[in-house]
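# sequence first, then the predicted structure:
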Amino acid sequence: MTPYRTAVVTGASGGIGRAIVTELVRLGLHVHALGLPDDTLEAMRGLDDVTVHPVDVRRADELASTLADLVVDGEVDVLVNNAGIIGDSRPAHESTVATADALIDINLRAAVHSTMAVLPGMVRRNLGHIVFTGSIAGSRPTANGAVYSATKAALQAFADGLRMDLHGAAIRVTVLAPGRVETNLYDQALGGHDAAVARLYSGAPAVQPADIAALVGMALAMPLHVDVTRVEVVPTMQVFGGSAVAESG
């Protein structure tokens, strides 16, 4: 039985975000679901133990105001930094500065700001759990995702540093590092949902959002003396490893 009672999930209306919200409610938490103000988020209104907050995490003032209200009204026990984008899946020299800024703002800066907003209360109460939705690309970058990989690597470094800063406190920090998960994340970059499915998911079963949510539940439900620091999860038929040599004339 988890000791936590309240949670904040960013990027809550995406596939992984919605699954995590569902899992946290199943564990008995009241979840504050932060997401872009769209129909997908609005559809979550009225769910038991879910409070919806339309927020664009790129707007630092908007994010800070929302989190400040939550900390005042009721301390946050769990923060899931899940908001993220993949970018345009193009080589860095063919991409744009605007795309790089969006990746940094959403994948990294918003997570840092959110964490710093809720940590003082966690430290004061000596209780809390911070979760980051990272990526296996943070440690194993691939082509056409240099900035994306950099943001996920930075999340891992931030989490590692937090554990040092929080040493001695009952606050746990978990980084999820999934490989291919079947969501809509790649749709825009790859030319639509059908194109993404054909390219990424038609060959073998992919990890599902509910699988990632189950890992969050597992990490939270462990005894407080156990900190699940990093979890890599990939489809059984997907392998990261080995080496490659590229030569040009």
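Good, I have the coordinates. Only a predicted model underlies this, so the values are computations on that prediction, with no experimental measurement involved. Numbers count the residues shown, from 1 in each chain.

# in terms of pLDDT, where does the closest residue to Ala68 other than its chain neighbours sit?
Leaving aside its sequence neighbours, Ala68 sits nearest to Ala117 (C-beta to C-beta, 6 or more residues apart in numbering; 6.8 Å). C-beta: built from backbone N, CA, C; applies to glycine. Residue-level confidence at Ala117 comes out at 97, pLDDT.

# now the nearest residue to Arg5 once chain neighbours are set aside: how far from His113?
Take Arg5 and drop its neighbours on the chain: the residue closest to it by C-beta to C-beta, 6+ apart is Asp77, 5.6 Å away. Shown here: Asp77 relative to His113, a distance of 19 Å by C-beta to C-beta, to the nearest Å.

# between these two, tell me which one has more neighbours.
Comparing Asp77 with His113 by other C-beta atoms under 10 Å, the one with more neighbours is Asp77, at 22 against 16.

# gap between that one and Gly121?
For Asp77, the distance to Gly121 equals 9 Å [C-beta to C-beta].

# need phi/psi at Pro178.
Summarising the backbone geometry of Pro178 under the convention degrees, to the nearest 10, its torsions are phi -80, psi 150.

# wait, it touches Val207, no?
Yes. With contacts counted by C-beta atoms under 8 Å, Pro178 reaches Val207, the gap being 5.9 Å.

# now for the two: what residues contact both?
With contacts taken as C-beta atoms under 8 Å, 6 or more residues apart in numbering, the residues that reach both Pro178 and Val207 are Val233, Val234.

# neighbour-wise, which of the two wins?
Pro178 (23 against 20).

# what sits against that one?
For Pro178, the contacting residues are Thr133, Gly134, Ser135, Ile136, Val207, Ile212, Glu232, Val233, Val234, by C-beta under 8 Å, 6+ apart.

# what is the burial count for the nearest residue in space to Leu185 that is not next to it in sequence?
In space, Leu185 comes closest to Ile86 once its chain neighbours are excluded; the distance is 5.1 Å by C-beta to C-beta, 6+ apart. For Ile86, the neighbour count with other C-beta under 10 Å is 19.

# state the pLDDT value of Ile86.
pLDDT for Ile86: 94.

# and if you look at Arg45?
For Arg45, the pLDDT comes out at 93.

# ok so it is a strand residue?
No. With the criterion set as DSSP: H, G, I helix; E, B strand; the rest coil, the secondary structure at Arg45 is coil rather than a strand.

# and the residue lying closest to it once chain neighbours are set aside, how many neighbours?
Closest residue to Arg45 in three dimensions, ignoring its sequence neighbours and counting by C-beta to C-beta, 6+ apart: Val52, at 4.9 Å. Each residue near Val52 was counted by other C-beta under 10 Å, and the total is 21.

# use 12 as the first number from now on
All set: I'll call the first residue 12, so the last point we hit is now Val63.

# just how off-centre is the helix or strand containing Val63 within its chain?
Under the criterion DSSP states H and E, the helix or strand holding Val63 is strand 61-65. Strand 61-65 has its average C-alpha position 17 Å from the chain's average C-alpha position, going by C-alpha atoms, centre = their mean, to the nearest Å.

# by mean pLDDT, flag the weakest helix or strand of this protein.
helix 204-207 (a mean of 61; mean pLDDT, DSSP states H and E).

# need the next SSE after that one, C-terminal direction.
Tracing the chain past helix 204-207, the next element assigned as helix or strand by DSSP H and E is helix 220-232.

# which SSE is Ala113 in?
Per DSSP H and E: Ala113 is located in helix 108-114.

# which strands or helices does the helix or strand that that helix is followed by pack on?
From helix 108-114 onward toward the C-terminus, using DSSP H and E, the following helix or strand is helix 121-136. Using 3 or more C-beta pairs under 8 Å, 6 or more residues apart in numbering; DSSP states H and E as the contact definition, the elements that helix 121-136 packs against are helix 71-84, strand 89-92, strand 139-144, helix 157-176, strand 182-189.

# before I go, just wanted to say thanks for your time.
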